[in-house]
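Based on what follows, work out the 3D shape:
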Amino acid sequence: MRNVWTIFRKELDSYFVSPIAYILLLIFGLLGGYLFWTSLDRFLNVGMEMQMRGQMFPMSINEYIVRPVLGTISVLGLFFIPMITMRLFAEEKRTGTIELLVTSPIRDLEVIVGKWMAAMLLYSCMLFFTALHFAFLFKYGNPDWKPIVVNYLGLLLQAGAFLAIGTFISTLTKNQIVAGAVTFGVILLLWLLSWVSEYETATWARVLSYMSVITHFESFGRGVIDSKDVIFYLTVIFLGLFFTARSLESLRWRS
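Residues are numbered from 1 along each chain as shown. Presented below is the predicted three-dimensional model:
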């Protein structure tokens with residue numbers, strides 16, 4: 001556990017000693033703020049129109065603001081997560097420190113988990129900035145907090161799966177741009193697999209649709225925790241880290 005903590009601290013420091021973390025946090029925060037305020041403005045405009053028409057049925061803050069904002073934020077992860085993971089091992093290979101890493105007494109699993117946890121924490125910080133906007137809703141409105149918590153749980157599980165995939169891909173090349181581009185392509189493919197079921201009902205289409213990450217985020221978006229969706233994301237995380245371990249093991253043997 002001490003080695004995991006050491007790798008975790010080293011990787012986290014590498015994010016914040018460079019502009020990477022600050023730029024990602026700034027851009028993600030600005031985009032999250034824009035999404036929140038445009039959704040809030042739409043909510044207020046619709047409410048005023050309903051009052052002018054004499055329609056007085058209640059409007060759900062969760063449906064009009066929380067769910068659309070967090071659903072769009074899950075899409076933003078497709079673009080930001082490759083930028084987080086592309087340097088995890090590719091930078092080590094480019095600078096030549098990967099040989100020192102794989103021949104050190106630290107186990108591969110400790111290295112992988114430490115780096116993955118650092119990436120998870122950075123992305124969690126990015127999500128935290130979006131959560132600050134919802135504090136405004138609790139001060140002036142009465143949203144249901146449970147669906148918000150479930151949505152964020154889904155975002156973290158989805159991010160964990162994407163980060164595990166990106167971590168594995170980062171071990172395959174020493175070029176950060178290539179690692180980021182391939183990671184984006186893979187997670188975008190996993191996102192788009194759900195489209196197959198819209199025009200095809202065969203068994204293979206249903207299987208592909210089930211493998212889509214967006215299919216398993218839908219229940220979280222509704223504020224429902226479904227065990228099959230949790231198991232799916234945990235399985236992707238496990239497989240991503242498992243293949244990363246096998247990739248590092250091959251590097252160790254070649255060293």
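
wait, what's in contact with Asp144?
Asp144 sits next to 62, 223 when contact means C-beta atoms under 8 Å, 6 or more residues apart in numbering. Heads up, the C-betas are built off the backbone N, CA and C, glycines and all.

how far away is it from Val150?
In this structure, Asp144 and Val150 are separated by 10 Å, where distance is defined by C-beta to C-beta, to the nearest Å.

cool, and Leu100?
Summarising the geometry, the distance separating Leu100 from Val150, computed by C-beta to C-beta, is 43 Å.

what's the helix or strand for the residue nearest the centre of the chain?
Nearest residue to the geometric centre of the chain (C-alpha atoms, centre = their mean): Ala159, 2.3 Å. Using DSSP states H and E, the element containing Ala159 is helix 145-170.

next one: Pro143
Here Pro143 sits in a region with no helix or strand, counting by DSSP H and E.

now it, nearest residue through space, not along the chain?
Computed as C-beta to C-beta, 6 or more residues apart in numbering, the closest residue to Pro143 that is not its neighbour in sequence is Ile61, at 4.3 Å.

before we move on, what about Leu127?
Nearest one to Leu127, counting by C-beta to C-beta, 6+ apart, is Leu155 at 6.0 Å.

Pull the contacting residues for that neighbour.
Shown here is Leu155, whose contacts under the criterion C-beta under 8 Å, 6+ apart are 70, 73-74, 77, 127, 220.

circling back: overlap in contacts, Asp144 and Val150.
The contact lists of Asp144 and Val150 share Gly223, where a contact means C-beta under 8 Å, 6+ apart.

which stretches of this structure form helices?
Remark: helices of the chain, listed N- to C-terminal, are 2-16, 20-52, 61, 67-85, 90-95, 97-102, 108-140, 145-170, 176-192, 203-210, 213-221, 227-254; assignment by DSSP state H.

so what pLDDT did Gly154 get?
The predicted local confidence for Gly154 comes out at a pLDDT of 92.

ok, the closest residue to it other than its chain neighbours to Ile169 distance?
Residue nearest to Gly154 in three dimensions, not counting chain neighbours: Phe220, with 2.6 Å by C-beta to C-beta, 6+ apart. In this structure, Phe220 and Ile169 are 25 Å apart, going by C-beta to C-beta.

For those two, indicate the residue with more neighbours.
More crowded of Phe220 and Ile169, by other C-beta atoms under 10 Å: Ile169, with 29 against 26.

Let me see the contact set for the nearest residue to Phe238 once chain neighbours are set aside.
Nearest residue to Phe238, sequence neighbours excluded (C-beta to C-beta, 6+ apart): Ala164, at 7.8 Å. Contacts here follow C-beta under 8 Å, 6+ apart; on that basis Ala164 touches 116, 236-241, 244.

and what of Glu110?
Contacts were defined as C-beta under 8 Å, 6+ apart; by that measure Glu110 touches 3-4, 7.

Highest neighbour count among those?
Ile7 leads those on contacts (other C-beta under 10 Å) with 21 neighbours.

was I right about it contacting Asp108?
No. Proximity of Ile7 to Asp108 does not meet the contact threshold set by C-beta atoms under 8 Å, at 10.8 Å.

just checking, Ser74 touches Leu157?
No. The pair Ser74 and Leu157 fails to qualify as a contact (C-beta under 8 Å) at a distance of 10.6 Å.

you'd agree Val213 is up against Ala159?
No. With contacts defined as C-beta under 8 Å, Val213 does not count as touching Ala159, sitting 10.3 Å away.

mind showing which ranges of the stretch 51-200 of the chain have poor pLDDT?
Within the stretch 51-200 of the chain, the ranges that satisfy pLDDT under 70 run 51, 54-59, 102, 197-200.

Skipping its backbone neighbours, what lies nearest the residue nearest to the centre of the chain in space?
The shortest distance from Ala159 to any residue other than its chain neighbours is 4.9 Å, reached at Tyr123 (C-beta to C-beta, 6+ apart).

Cool, thanks, talk later.
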